[in-house]
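Engineer: structural data only, the sequence is not supplied:
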């Protein structure tokens, strides 16, 4: 974990930009270790983007969406508590990312401690996505999520 913190700090120093980590949450040991390092050294990511195992856009292969990571509400809560215990929540921007684009879900995320949310599904629907859940195959029937020139 110390190597990750060193890498983050190296990127930040060389770019002058905020650097963060995006992850779907499973085991919590690494998050506890990261929080401990950050509390001790005052180094680490500027933001954490916490994703859910819900498979927001359909871009994940179905087996990943079905079996990898906790649902957002549990993963975010667990990680937020770890950083709250170390008094780090005011030092990090928390980003929610998992089917949070509708107003009620967004309000819930903000009430739980998210500083902002990522939205993809709603934007994709607005440009023609039909949620075929084939993004990962490069055969999106509408051409929204493809590199295939004919579909584009």
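Structural biologist: Arrived safely, thanks for sending. Here the structure is a predicted model, which means the values were calculated and not measured. Residues are numbered from 1 along each chain as shown.

Engineer: mind checking which helix or strand of this structure has the lowest mean pLDDT?
Structural biologist: helix 62-67 (a mean of 69; mean pLDDT, DSSP states H and E).

Engineer: what residues does the helix or strand following that one touch?
Structural biologist: Of the helices and strands lying after helix 62-67 in sequence (DSSP states H and E), the nearest is helix 72-85. Residues from elsewhere that reach helix 72-85 (CB atoms under 8 Å, 6 or more residues apart in numbering): 24-26, 28, 31-32, 35, 38, 48, 50-54, 69-70, 89, 92, 94, 96-100, 108-109, 112-114. (Each C-beta comes from the backbone N, C-alpha and C, glycine too.)

Engineer: now list the buried members of the residues you listed.
Structural biologist: Those of the contacts of helix 72-85 that meet the buried threshold are 24-25, 31-32, 35, 38, 48, 50-54, 69-70, 89, 92, 94, 96-100, 109, 113-114, by 16 or more other CB atoms under 10 Å.

Engineer: so what's residue 112 up against?
Structural biologist: With contact set as CB under 8 Å, 6+ apart, residue 112 has these partners: 73, 76, 77, 80, 96.

Engineer: tell me who's in contact with residue 93.
Structural biologist: Taking CB under 8 Å, 6+ apart, one finds 18, 20, 46, 47, 48, 115, 116 in contact with residue 93.

Engineer: could you redo the last one with a cut-off of 6 Å?
Structural biologist: Residue 93 is in contact with 47, 115, counting by CB atoms under 6 Å, 6 or more residues apart in numbering.

Engineer: which phi and psi does it have?
Structural biologist: Residue 93 has phi and psi values of phi -90, psi 120 when expressed as degrees, to the nearest 10.

Engineer: go ahead and confirm residue 109 touches residue 100.
Structural biologist: Yes - using CB atoms under 6 Å, residue 109 is in contact with residue 100, at 4.9 Å.

Engineer: now for those two: what residues contact both?
Structural biologist: Common contacts of residue 109 and residue 100, defined by CB under 6 Å, 6+ apart, comprise residue 117.

Engineer: where in this structure is pLDDT low?
Structural biologist: Applying pLDDT under 70 to the chain picks out residues 55-62, 64-65, 152.
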